[in-house]
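**Q** Build me a model from this:
(chains A and B)
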Amino acid sequence: MPQAAETVPTSLFEGADQGYSIKLDAFEGPLDLLLHLIRKNEVDIYDIPISLITRQYLDYLKLMKELNLDLAGDFLVMASTLLQIKSRMLLPLPEPEEGEGEEQEDPRAELVRRLIEYQRYRDAGLELGARELLGREVFARPCADGCCLEGFVTADDGPLELDLFELSEAFNQLLARIPSARAHEVAGQDTLSIVDAINEILSRLDGRESMEFESLFLDDISRERMIVTFLALLELCRIKLLKVIQNSRYGTIHIFPSVAATDNDGVSDALPFA
Amino acid sequence: MHFPSLNAIIEGLLFVSDGPMTLDRLTELLPDYERASVRLAVQELRDDYEQRGAGVHLVEVAGGWQLRTVPELMPYLSRMVKGRPARFSQSALETLAIVAYRQPITRQEIEYLRGVDTGAVLKTLLEKKLVKILGKKDIPGRPIIYGTTREFLEVFNLKDLKGLPTLREIQSLDEVPIFEVQEELPLGGEQRGEP
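**A** Next up is the predicted model:
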(Lines give C-alpha, C1' and ligand atoms only; values in the text may rest on other atoms or scores of the structure.)
Protein backbone atom coordinates (compact mmCIF):
# COMPACT_ATOMS: atom_id res chain seq x y z
CA MET A 1 0.00 0.00 0.00
CA PRO A 2 1.24 3.46 -0.75
CA GLN A 3 1.36 4.63 2.83
CA ALA A 4 3.82 1.87 3.63
CA ALA A 5 6.20 3.32 1.09
CA GLU A 6 6.02 6.70 2.72
CA THR A 7 6.80 5.46 6.16
CA VAL A 8 9.92 3.66 5.11
CA PRO A 9 12.27 6.50 4.30
CA THR A 10 11.67 8.51 7.44
CA SER A 11 12.06 5.86 10.03
CA LEU A 12 15.35 4.07 9.86
CA PHE A 13 18.37 6.14 10.64
CA GLU A 14 16.74 9.31 11.79
CA GLY A 15 18.14 10.64 14.99
CA ALA A 16 20.98 8.17 14.86
CA ASP A 17 22.67 10.08 17.66
CA GLN A 18 20.07 9.21 20.26
CA GLY A 19 19.82 5.68 19.06
CA TYR A 20 17.94 4.28 16.17
CA SER A 21 14.30 4.63 15.60
CA ILE A 22 13.40 1.86 13.28
CA LYS A 23 10.60 0.04 11.64
CA LEU A 24 12.14 -3.26 10.81
CA ASP A 25 9.29 -4.97 9.12
CA ALA A 26 9.25 -2.20 6.59
CA PHE A 27 12.00 -3.86 4.61
CA GLU A 28 11.06 -6.64 2.31
CA GLY A 29 14.61 -7.69 1.70
CA PRO A 30 18.15 -6.55 1.05
CA LEU A 31 17.23 -4.76 -2.17
CA ASP A 32 14.50 -2.83 -0.41
CA LEU A 33 16.94 -1.82 2.30
CA LEU A 34 19.56 -0.75 -0.22
CA LEU A 35 17.05 1.37 -2.11
CA HIS A 36 16.08 3.00 1.13
CA LEU A 37 19.70 3.81 1.94
CA ILE A 38 20.25 5.25 -1.51
CA ARG A 39 17.22 7.47 -1.19
CA LYS A 40 18.03 8.52 2.34
CA ASN A 41 21.53 9.60 1.34
CA GLU A 42 20.18 11.26 -1.78
CA VAL A 43 22.77 9.66 -3.94
CA ASP A 44 22.51 8.76 -7.58
CA ILE A 45 21.57 5.17 -8.07
CA TYR A 46 23.82 5.01 -11.15
CA ASP A 47 26.79 6.19 -9.12
CA ILE A 48 26.43 4.60 -5.73
CA PRO A 49 29.07 5.59 -3.18
CA ILE A 50 29.68 1.97 -2.42
CA SER A 51 31.72 2.35 0.74
CA LEU A 52 29.17 4.64 2.39
CA ILE A 53 26.26 2.43 1.46
CA THR A 54 28.10 -0.73 2.46
CA ARG A 55 28.91 0.72 5.85
CA GLN A 56 25.33 1.73 6.51
CA TYR A 57 24.09 -1.60 5.26
CA LEU A 58 26.39 -3.47 7.64
CA ASP A 59 25.34 -1.16 10.47
CA TYR A 60 21.82 -2.18 9.84
CA LEU A 61 22.70 -5.87 9.93
CA LYS A 62 24.54 -5.35 13.19
CA LEU A 63 21.48 -3.66 14.58
CA MET A 64 19.31 -6.55 13.57
CA LYS A 65 21.66 -8.89 15.34
CA GLU A 66 21.66 -6.77 18.50
CA LEU A 67 17.91 -6.85 18.51
CA ASN A 68 18.13 -10.60 18.26
CA LEU A 69 16.23 -10.65 15.07
CA ASP A 70 16.48 -13.58 12.79
CA LEU A 71 18.82 -12.38 10.15
CA ALA A 72 17.62 -13.79 6.89
CA GLY A 73 20.39 -15.36 4.88
CA ASP A 74 19.45 -13.16 1.95
CA PHE A 75 20.67 -10.12 3.84
CA LEU A 76 24.04 -11.75 4.43
CA VAL A 77 24.39 -12.70 0.77
CA MET A 78 23.87 -9.08 -0.16
CA ALA A 79 26.41 -7.97 2.43
CA SER A 80 29.06 -10.13 0.86
CA THR A 81 28.10 -8.89 -2.61
CA LEU A 82 28.57 -5.32 -1.42
CA LEU A 83 31.94 -6.10 0.10
CA GLN A 84 33.03 -7.81 -3.06
CA ILE A 85 32.06 -4.81 -5.15
CA LYS A 86 33.81 -2.52 -2.75
CA SER A 87 37.04 -4.48 -2.94
CA ARG A 88 36.88 -4.68 -6.71
CA MET A 89 36.54 -0.93 -6.87
CA LEU A 90 39.61 -0.47 -4.72
CA LEU A 91 41.72 -2.53 -7.07
CA PRO A 92 43.21 -0.85 -10.13
CA LEU A 93 41.59 -1.92 -13.36
CA PRO A 94 43.70 -4.25 -15.44
CA GLU A 95 44.87 -2.70 -18.71
CA PRO A 96 42.39 -3.56 -21.41
CA GLU A 97 44.01 -6.00 -23.78
CA GLU A 98 44.57 -5.01 -27.34
CA GLY A 99 41.82 -5.83 -29.76
CA GLU A 100 39.40 -5.88 -26.89
CA GLY A 101 37.57 -2.67 -27.53
CA GLU A 102 34.95 -3.14 -24.87
CA GLU A 103 35.15 -1.12 -21.77
CA GLN A 104 35.42 -2.80 -18.44
CA GLU A 105 32.04 -2.88 -16.81
CA ASP A 106 31.61 -0.96 -13.62
CA PRO A 107 31.65 -3.48 -10.76
CA ARG A 108 28.45 -1.91 -9.50
CA ALA A 109 26.56 -2.30 -12.75
CA GLU A 110 25.03 -5.67 -11.99
CA LEU A 111 23.80 -4.50 -8.61
CA VAL A 112 22.40 -1.29 -10.05
CA ARG A 113 20.53 -3.26 -12.69
CA ARG A 114 18.99 -5.43 -10.01
CA LEU A 115 18.09 -2.45 -7.87
CA ILE A 116 16.40 -0.65 -10.72
CA GLU A 117 14.61 -3.74 -11.82
CA TYR A 118 13.48 -4.41 -8.26
CA GLN A 119 12.30 -0.86 -7.82
CA ARG A 120 10.19 -1.11 -10.94
CA TYR A 121 8.41 -4.19 -9.69
CA ARG A 122 8.02 -2.81 -6.21
CA ASP A 123 6.40 0.30 -7.64
CA ALA A 124 4.28 -1.80 -9.95
CA GLY A 125 3.20 -3.83 -6.92
CA LEU A 126 2.24 -0.69 -5.03
CA GLU A 127 0.33 0.48 -8.04
CA LEU A 128 -1.50 -2.82 -8.21
CA GLY A 129 -2.35 -2.58 -4.54
CA ALA A 130 -3.72 0.92 -5.05
CA ARG A 131 -6.19 -0.22 -7.69
CA GLU A 132 -9.87 -0.56 -7.03
CA LEU A 133 -9.90 -4.14 -5.86
CA LEU A 134 -12.85 -6.44 -6.04
CA GLY A 135 -14.04 -7.01 -2.49
CA ARG A 136 -12.27 -3.93 -1.19
CA GLU A 137 -13.34 -0.88 -3.18
CA VAL A 138 -15.74 -2.39 -5.63
CA PHE A 139 -18.20 -5.22 -5.32
CA ALA A 140 -20.03 -7.54 -7.61
CA ARG A 141 -22.98 -9.76 -6.94
CA PRO A 142 -21.72 -12.35 -4.46
CA CYS A 143 -22.57 -15.42 -6.41
CA ALA A 144 -19.10 -16.83 -6.63
CA ASP A 145 -20.00 -19.99 -4.79
CA GLY A 146 -22.58 -20.79 -7.40
CA CYS A 147 -25.53 -20.31 -5.06
CA CYS A 148 -27.85 -20.03 -8.00
CA LEU A 149 -26.09 -22.29 -10.44
CA GLU A 150 -25.06 -25.14 -8.17
CA GLY A 151 -26.18 -28.46 -9.47
CA PHE A 152 -26.06 -27.48 -13.07
CA VAL A 153 -23.34 -29.05 -15.05
CA THR A 154 -23.66 -28.71 -18.74
CA ALA A 155 -20.96 -29.32 -21.23
CA ASP A 156 -21.31 -25.92 -22.84
CA ASP A 157 -21.20 -24.04 -19.59
CA GLY A 158 -17.50 -23.45 -20.03
CA PRO A 159 -16.48 -25.74 -17.18
CA LEU A 160 -13.09 -25.25 -15.66
CA GLU A 161 -10.81 -28.14 -16.18
CA LEU A 162 -9.20 -28.80 -12.86
CA ASP A 163 -5.53 -28.49 -12.37
CA LEU A 164 -3.64 -30.84 -10.15
CA PHE A 165 -3.34 -28.31 -7.38
CA GLU A 166 -7.10 -28.05 -6.99
CA LEU A 167 -7.68 -31.76 -7.21
CA SER A 168 -5.18 -32.49 -4.50
CA GLU A 169 -6.61 -29.66 -2.42
CA ALA A 170 -10.02 -31.27 -2.63
CA PHE A 171 -8.49 -34.56 -1.61
CA ASN A 172 -6.79 -32.95 1.35
CA GLN A 173 -10.11 -31.59 2.52
CA LEU A 174 -11.52 -35.08 2.39
CA LEU A 175 -8.58 -36.52 4.26
CA ALA A 176 -9.04 -33.97 6.98
CA ARG A 177 -12.53 -35.28 7.60
CA ILE A 178 -11.37 -38.70 8.60
CA PRO A 179 -10.82 -39.15 12.30
CA SER A 180 -7.22 -40.03 12.95
CA ALA A 181 -8.01 -42.13 16.02
CA ARG A 182 -7.62 -45.36 14.11
CA ALA A 183 -3.88 -45.34 14.46
CA HIS A 184 -3.71 -48.59 16.39
CA GLU A 185 -5.83 -50.68 14.18
CA VAL A 186 -4.05 -53.65 12.74
CA ALA A 187 -4.33 -53.48 9.00
CA GLY A 188 -4.77 -56.30 6.63
CA GLN A 189 -8.41 -57.16 6.59
CA ASP A 190 -9.46 -54.86 3.83
CA THR A 191 -6.81 -54.48 1.24
CA LEU A 192 -7.86 -52.81 -1.93
CA SER A 193 -5.77 -52.64 -5.04
CA ILE A 194 -5.87 -49.73 -7.41
CA VAL A 195 -7.29 -51.97 -10.10
CA ASP A 196 -10.16 -52.90 -7.78
CA ALA A 197 -10.77 -49.25 -7.05
CA ILE A 198 -10.75 -48.41 -10.73
CA ASN A 199 -13.30 -51.08 -11.43
CA GLU A 200 -15.39 -49.84 -8.58
CA ILE A 201 -15.37 -46.28 -9.84
CA LEU A 202 -16.21 -47.40 -13.33
CA SER A 203 -19.05 -49.61 -12.18
CA ARG A 204 -20.47 -46.82 -10.10
CA LEU A 205 -20.27 -44.52 -13.08
CA ASP A 206 -21.75 -47.13 -15.35
CA GLY A 207 -24.97 -45.93 -16.91
CA ARG A 208 -24.72 -42.54 -15.28
CA GLU A 209 -23.79 -39.32 -16.89
CA SER A 210 -21.67 -38.03 -14.06
CA MET A 211 -21.07 -38.32 -10.37
CA GLU A 212 -19.75 -36.05 -7.69
CA PHE A 213 -16.17 -36.31 -6.57
CA GLU A 214 -17.23 -36.36 -2.94
CA SER A 215 -19.65 -39.20 -3.40
CA LEU A 216 -16.68 -41.47 -4.04
CA PHE A 217 -15.54 -40.85 -0.52
CA LEU A 218 -18.77 -40.95 1.41
CA ASP A 219 -19.53 -43.25 4.30
CA ASP A 220 -17.07 -44.31 6.86
CA ILE A 221 -14.25 -44.83 4.48
CA SER A 222 -10.79 -45.70 5.74
CA ARG A 223 -7.81 -43.56 5.01
CA GLU A 224 -6.16 -46.30 3.03
CA ARG A 225 -9.22 -46.91 0.94
CA MET A 226 -9.57 -43.23 0.30
CA ILE A 227 -6.01 -42.95 -0.93
CA VAL A 228 -6.38 -45.96 -3.19
CA THR A 229 -9.59 -44.54 -4.61
CA PHE A 230 -7.91 -41.23 -5.25
CA LEU A 231 -4.97 -42.90 -6.96
CA ALA A 232 -7.43 -44.84 -9.07
CA LEU A 233 -9.09 -41.60 -10.03
CA LEU A 234 -5.79 -40.07 -11.08
CA GLU A 235 -4.97 -43.18 -13.05
CA LEU A 236 -8.31 -43.04 -14.83
CA CYS A 237 -7.63 -39.43 -15.73
CA ARG A 238 -4.23 -40.34 -17.02
CA ILE A 239 -5.50 -43.02 -19.32
CA LYS A 240 -8.23 -40.60 -20.31
CA LEU A 241 -11.20 -42.69 -19.31
CA LEU A 242 -12.46 -39.99 -16.99
CA LYS A 243 -12.77 -36.27 -17.04
CA VAL A 244 -12.75 -34.32 -13.83
CA ILE A 245 -14.51 -31.02 -14.05
CA GLN A 246 -15.31 -28.28 -11.61
CA ASN A 247 -18.01 -25.91 -12.65
CA SER A 248 -16.99 -22.98 -10.53
CA ARG A 249 -14.15 -22.20 -8.21
CA TYR A 250 -14.66 -24.00 -4.91
CA GLY A 251 -17.68 -25.65 -6.46
CA THR A 252 -18.54 -29.29 -6.57
CA ILE A 253 -16.19 -31.43 -8.59
CA HIS A 254 -17.83 -33.71 -11.07
CA ILE A 255 -16.53 -36.83 -12.69
CA PHE A 256 -17.51 -37.71 -16.23
CA PRO A 257 -16.68 -40.72 -18.31
CA SER A 258 -14.70 -39.10 -21.08
CA VAL A 259 -15.44 -41.68 -23.74
CA ALA A 260 -18.76 -43.33 -24.31
CA ALA A 261 -17.85 -46.24 -22.11
CA THR A 262 -16.53 -49.07 -24.19
CA ASP A 263 -16.06 -52.35 -22.45
CA ASN A 264 -14.82 -51.86 -18.94
CA ASP A 265 -13.06 -55.18 -18.93
CA GLY A 266 -10.53 -53.94 -21.40
CA VAL A 267 -9.29 -51.43 -18.88
CA SER A 268 -7.01 -53.65 -16.95
CA ASP A 269 -4.88 -54.29 -20.01
CA ALA A 270 -3.96 -50.66 -20.22
CA LEU A 271 -2.88 -50.47 -16.61
CA PRO A 272 0.62 -50.81 -15.34
CA PHE A 273 -0.73 -52.34 -12.15
CA ALA A 274 -2.57 -55.22 -13.74
CA MET B 1 -46.13 -7.81 -23.05
CA HIS B 2 -43.70 -5.72 -24.93
CA PHE B 3 -40.67 -7.23 -26.49
CA PRO B 4 -37.52 -6.49 -24.48
CA SER B 5 -34.77 -4.56 -26.17
CA LEU B 6 -31.40 -6.15 -26.75
CA ASN B 7 -29.91 -3.77 -24.20
CA ALA B 8 -32.41 -4.97 -21.62
CA ILE B 9 -31.70 -8.62 -22.38
CA ILE B 10 -27.98 -8.11 -22.04
CA GLU B 11 -28.46 -6.16 -18.83
CA GLY B 12 -30.41 -9.10 -17.46
CA LEU B 13 -27.77 -11.60 -18.48
CA LEU B 14 -25.01 -9.53 -16.92
CA PHE B 15 -27.02 -9.10 -13.76
CA VAL B 16 -27.50 -12.81 -13.26
CA SER B 17 -24.06 -13.92 -14.40
CA ASP B 18 -21.77 -14.77 -11.51
CA GLY B 19 -18.64 -13.54 -13.20
CA PRO B 20 -17.44 -11.41 -16.06
CA MET B 21 -19.17 -12.40 -19.29
CA THR B 22 -17.23 -12.37 -22.51
CA LEU B 23 -18.58 -11.02 -25.73
CA ASP B 24 -18.23 -14.54 -27.12
CA ARG B 25 -20.44 -15.93 -24.40
CA LEU B 26 -23.04 -13.22 -24.88
CA THR B 27 -23.11 -13.79 -28.62
CA GLU B 28 -23.49 -17.49 -28.01
CA LEU B 29 -26.46 -16.90 -25.73
CA LEU B 30 -28.06 -14.54 -28.22
CA PRO B 31 -27.99 -16.45 -31.47
CA ASP B 32 -30.58 -14.17 -33.04
CA TYR B 33 -28.32 -11.17 -32.87
CA GLU B 34 -25.22 -10.15 -34.73
CA ARG B 35 -22.01 -9.99 -32.77
CA ALA B 36 -21.59 -6.37 -33.80
CA SER B 37 -24.96 -5.37 -32.41
CA VAL B 38 -24.29 -7.22 -29.17
CA ARG B 39 -21.05 -5.31 -28.84
CA LEU B 40 -22.79 -2.05 -29.57
CA ALA B 41 -25.50 -2.81 -27.02
CA VAL B 42 -22.89 -3.55 -24.34
CA GLN B 43 -21.22 -0.24 -25.04
CA GLU B 44 -24.52 1.61 -24.96
CA LEU B 45 -25.33 -0.05 -21.69
CA ARG B 46 -21.99 0.98 -20.25
CA ASP B 47 -22.46 4.60 -21.36
CA ASP B 48 -25.97 4.53 -20.01
CA TYR B 49 -24.81 3.56 -16.53
CA GLU B 50 -22.06 6.14 -16.71
CA GLN B 51 -24.37 8.99 -17.67
CA ARG B 52 -26.97 8.16 -15.07
CA GLY B 53 -24.37 8.31 -12.34
CA ALA B 54 -25.65 4.93 -11.19
CA GLY B 55 -24.41 2.95 -8.22
CA VAL B 56 -23.28 0.12 -10.43
CA HIS B 57 -21.43 0.37 -13.66
CA LEU B 58 -20.41 -1.97 -16.40
CA VAL B 59 -16.70 -2.65 -16.44
CA GLU B 60 -14.49 -4.73 -18.65
CA VAL B 61 -12.48 -7.17 -16.53
CA ALA B 62 -10.68 -10.40 -17.27
CA GLY B 63 -11.70 -10.26 -20.89
CA GLY B 64 -15.40 -9.95 -20.10
CA TRP B 65 -18.05 -7.55 -18.86
CA GLN B 66 -19.31 -7.36 -15.33
CA LEU B 67 -21.64 -5.19 -13.32
CA ARG B 68 -19.74 -3.79 -10.38
CA THR B 69 -20.45 -1.12 -7.84
CA VAL B 70 -18.74 2.20 -8.32
CA PRO B 71 -15.77 2.80 -6.01
CA GLU B 72 -17.49 5.79 -4.41
CA LEU B 73 -19.86 3.41 -2.65
CA MET B 74 -17.03 1.65 -0.86
CA PRO B 75 -17.55 3.16 2.61
CA TYR B 76 -21.24 2.24 2.57
CA LEU B 77 -20.87 -1.22 1.14
CA SER B 78 -17.96 -2.33 3.26
CA ARG B 79 -20.24 -1.98 6.28
CA MET B 80 -22.59 -4.50 4.81
CA VAL B 81 -20.23 -6.99 3.26
CA LYS B 82 -19.18 -9.72 5.61
CA GLY B 83 -15.60 -10.75 6.08
CA ARG B 84 -12.48 -8.72 5.95
CA PRO B 85 -11.57 -7.05 2.70
CA ALA B 86 -8.71 -8.42 0.67
CA ARG B 87 -5.42 -7.28 2.08
CA PHE B 88 -2.12 -7.63 0.37
CA SER B 89 1.26 -7.26 1.97
CA GLN B 90 4.02 -5.49 0.14
CA SER B 91 5.78 -8.77 -0.48
CA ALA B 92 2.62 -10.29 -1.92
CA LEU B 93 2.15 -7.31 -4.23
CA GLU B 94 5.78 -7.32 -5.32
CA THR B 95 5.65 -11.00 -6.10
CA LEU B 96 2.37 -10.66 -7.92
CA ALA B 97 3.74 -7.81 -9.99
CA ILE B 98 6.80 -9.81 -10.93
CA VAL B 99 4.73 -12.84 -11.89
CA ALA B 100 2.27 -10.69 -13.81
CA TYR B 101 4.85 -8.84 -15.86
CA ARG B 102 7.34 -11.63 -16.34
CA GLN B 103 5.26 -14.76 -16.71
CA PRO B 104 6.00 -17.54 -17.31
CA ILE B 105 8.55 -17.29 -14.53
CA THR B 106 10.24 -19.70 -12.13
CA ARG B 107 10.48 -19.22 -8.41
CA GLN B 108 14.22 -18.84 -8.73
CA GLU B 109 13.84 -15.95 -11.16
CA ILE B 110 11.36 -14.26 -8.84
CA GLU B 111 13.76 -14.61 -5.96
CA TYR B 112 16.61 -13.17 -7.97
CA LEU B 113 14.50 -10.12 -8.74
CA ARG B 114 13.28 -9.69 -5.18
CA GLY B 115 16.49 -10.70 -3.45
CA VAL B 116 14.61 -12.75 -0.85
CA ASP B 117 13.06 -16.14 -0.36
CA THR B 118 9.61 -16.17 -1.91
CA GLY B 119 8.33 -19.68 -1.15
CA ALA B 120 5.77 -18.71 1.48
CA VAL B 121 4.43 -15.77 -0.50
CA LEU B 122 4.03 -17.86 -3.62
CA LYS B 123 2.19 -20.51 -1.67
CA THR B 124 -0.28 -17.95 -0.35
CA LEU B 125 -0.82 -16.55 -3.82
CA LEU B 126 -1.42 -20.06 -5.15
CA GLU B 127 -3.94 -20.70 -2.41
CA LYS B 128 -5.70 -17.44 -3.14
CA LYS B 129 -5.74 -18.54 -6.77
CA LEU B 130 -4.12 -15.36 -7.96
CA VAL B 131 -1.18 -17.31 -9.30
CA LYS B 132 -1.18 -20.72 -10.90
CA ILE B 133 1.30 -23.30 -12.00
CA LEU B 134 1.69 -23.16 -15.74
CA GLY B 135 3.94 -26.17 -16.09
CA LYS B 136 7.59 -26.96 -15.93
CA LYS B 137 10.41 -25.20 -17.63
CA ASP B 138 12.43 -27.28 -20.02
CA ILE B 139 15.78 -26.70 -18.40
CA PRO B 140 17.78 -28.92 -16.06
CA GLY B 141 15.88 -29.52 -12.86
CA ARG B 142 12.60 -28.81 -14.65
CA PRO B 143 11.57 -26.01 -12.27
CA ILE B 144 7.90 -25.10 -11.97
CA ILE B 145 6.81 -22.01 -13.86
CA TYR B 146 4.13 -19.67 -12.60
CA GLY B 147 1.68 -17.27 -14.15
CA THR B 148 -1.30 -15.19 -13.08
CA THR B 149 -4.89 -16.43 -13.16
CA ARG B 150 -8.17 -15.05 -14.38
CA GLU B 151 -9.04 -14.34 -10.75
CA PHE B 152 -6.02 -12.07 -10.62
CA LEU B 153 -7.49 -9.97 -13.42
CA GLU B 154 -10.90 -10.02 -11.76
CA VAL B 155 -9.67 -9.02 -8.32
CA PHE B 156 -7.33 -6.35 -9.61
CA ASN B 157 -9.91 -4.94 -11.95
CA LEU B 158 -7.87 -5.51 -15.07
CA LYS B 159 -9.23 -5.94 -18.55
CA ASP B 160 -6.33 -8.13 -19.58
CA LEU B 161 -2.62 -8.36 -18.98
CA LYS B 162 -1.99 -5.53 -21.37
CA GLY B 163 -4.04 -3.40 -19.00
CA LEU B 164 -1.31 -3.65 -16.39
CA PRO B 165 0.20 -0.29 -15.58
CA THR B 166 3.38 0.27 -17.55
CA LEU B 167 6.56 -0.21 -15.64
CA ARG B 168 8.10 3.08 -14.78
CA GLU B 169 11.72 3.96 -15.15
CA ILE B 170 13.40 4.90 -11.96
CA GLN B 171 13.52 8.60 -11.18
CA SER B 172 17.11 9.48 -11.45
CA LEU B 173 18.96 12.63 -10.51
CA ASP B 174 21.36 11.96 -13.30
CA GLU B 175 19.54 11.73 -16.58
CA VAL B 176 22.32 9.89 -18.40
CA PRO B 177 22.62 6.30 -17.29
CA ILE B 178 26.06 4.74 -17.26
CA PHE B 179 24.86 1.60 -18.91
CA GLU B 180 21.95 0.82 -21.10
CA VAL B 181 18.72 0.44 -19.24
CA GLN B 182 16.95 -2.78 -19.99
CA GLU B 183 14.32 -2.76 -22.69
CA GLU B 184 10.67 -2.53 -21.83
CA LEU B 185 9.67 -5.90 -20.50
CA PRO B 186 7.47 -8.25 -22.44
CA LEU B 187 4.00 -8.65 -21.10
CA GLY B 188 3.55 -12.30 -21.94
CA GLY B 189 1.05 -11.24 -24.56
CA GLU B 190 -0.40 -14.62 -25.45
CA GLN B 191 -1.97 -15.15 -22.04
CA ARG B 192 -5.40 -16.48 -22.73
CA GLY B 193 -8.13 -13.93 -22.46
CA GLU B 194 -10.50 -16.86 -22.48
CA PRO B 195 -12.75 -17.60 -19.56
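**Q** going forward, measure contacts and count neighbours with C-alpha atoms only.
**A** Fine.
**Q** Any buried residues in stretch B:72-79, and which?
**A** Neighbour-count burial for stretch B:72-79, counted by 16 or more other CA atoms under 10 Å in any protein chain shown, picks out B:74, B:77-78.
**Q** So residue A:204 lies in a helix, does it not?
**A** Yes. Checked against DSSP: H, G, I helix; E, B strand; the rest coil, residue A:204 lies within a helix.
**Q** in what helix or strand does residue A:243 lie?
**A** For residue A:243, the host element (DSSP states H and E) is strand A:242-246.
**Q** Tell me if that strand is near chain B.
**A** No. Strand A:242-246 is not in contact with chain B by CA under 8 Å from any CA of the partner chain; minimum separation 13.6 Å.
**Q** For the buried residues of stretch B:72-79, please prepare CSV with the additional fields secondary structure, distance to residue A:47 and pLDDT.
**A** Below are these laid out as CSV (DSSP: H, G, I helix; E, B strand; the rest coil; distance: CA to CA, whole Å; pLDDT from 0 to 100):
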residue, secondary structure, distance to residue A:47, pLDDT
B:74, helix, 45, 86
B:77, helix, 49, 84
B:78, helix, 47, 79
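**Q** Redo those as TSV? Include distance to residue B:24.
**A** TSV is the format used below for these (distance: CA to CA, whole Å):
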residue	distance to residue B:24
B:74	31
B:77	31
B:78	33
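**Q** so which of these comes closest to residue A:135?
**A** residue B:78 (8.4 Å; CA to CA).
**Q** Look up how far residue A:237 lies from that closest one.
**A** Per CA to CA, to the nearest Å, residue B:78 is found 43 Å from residue A:237.
**Q** And residue A:86, by the same measure?
**A** For residue A:86, the distance to residue A:237 - CA to CA - is 57 Å.
**Q** Give the residue from those two that has the larger number of neighbours.
**A** residue A:86 (19 against 16; other CA atoms under 10 Å in any protein chain shown).
**Q** Only the buried residues of the longest helix anywhere in chain A, if you could.
**A** When chain A is parsed with DSSP state H, its longest helix is helix A:109-129. Burial within helix A:109-129, assessed by neighbour count using 16+ other CA under 10 Å, is assigned to A:109, A:111-129.
**Q** now stretch A:238-256
**A** For stretch A:238-256, by 16+ other CA under 10 Å, it's A:241-249, A:251-256.
**Q** and those residues, which two are the farthest apart?
**A** A:241 and A:249 (23.5 Å).
**Q** Next up, the contacts around the residue nearest to residue B:23 when sequence neighbours are not counted.
**A** Nearest non-adjacent residue to residue B:23, counting by CA to CA, 6 or more residues apart in numbering or on different chains: residue B:64, 6.5 Å away. Counting by CA atoms under 8 Å, 6 or more residues apart in numbering or on different chains, residue B:64 makes contact with B:20-23, B:159.
**Q** For the residues you listed, which entry has the maximal number of neighbours?
**A** residue B:20 (22 neighbours).
**Q** can you give me phi and psi for that residue?
**A** In terms of degrees, to the nearest 10, the main-chain angles of residue B:20 are phi -60, psi 140.
**Q** Just the ones of the contacts of residue B:64 in helices?
**A** Going by DSSP H, the helices hold residue B:23 from the contacts of residue B:64.
**Q** Dump the contacts of residue B:64 to TSV, plus pLDDT.
**A** Below are those laid out as TSV (pLDDT from 0 to 100):
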residue	pLDDT
B:20	91
B:21	92
B:22	93
B:23	93
B:159	89
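**Q** which among the contacts of residue B:64 gets closest to chain A?
**A** The closest of the contacts of residue B:64 to chain A turns out to be residue B:20 (CA to the nearest CA; 9.7 Å).
**Q** just to revisit the earlier point, go back to the buried residues of stretch B:72-79 and keep what's next to chain A.
**A** B:74, B:78.
**Q** Of the buried residues of stretch B:72-79, just say which sits nearest to chain A.
**A** Using CA to the nearest CA, those come closest to chain A at residue B:74, 5.0 Å.
**Q** if I look at the closest one, how far off is residue B:158?
**A** 18 Å.
**Q** cool, residue B:149 as well?
**A** Where residue B:158 is concerned, residue B:149 sits at a distance of 11 Å (CA to CA).
**Q** got a list of contacts for stretch B:26-35?
**A** B:10, B:23, B:38.
**Q** Neighbours of residue A:215, how many?
**A** There are 10 residues near residue A:215, going by other CA under 10 Å.
**Q** how about residue A:43, secondary structure?
**A** Residue A:43 ends up coil, using three-state DSSP.
**Q** so who does it touch?
**A** residue A:49.
**Q** Buried residues in stretch A:212-226, which are they?
**A** So for stretch A:212-226, counting by 16+ other CA under 10 Å, buried means A:213, A:216-217, A:222-223, A:225-226.
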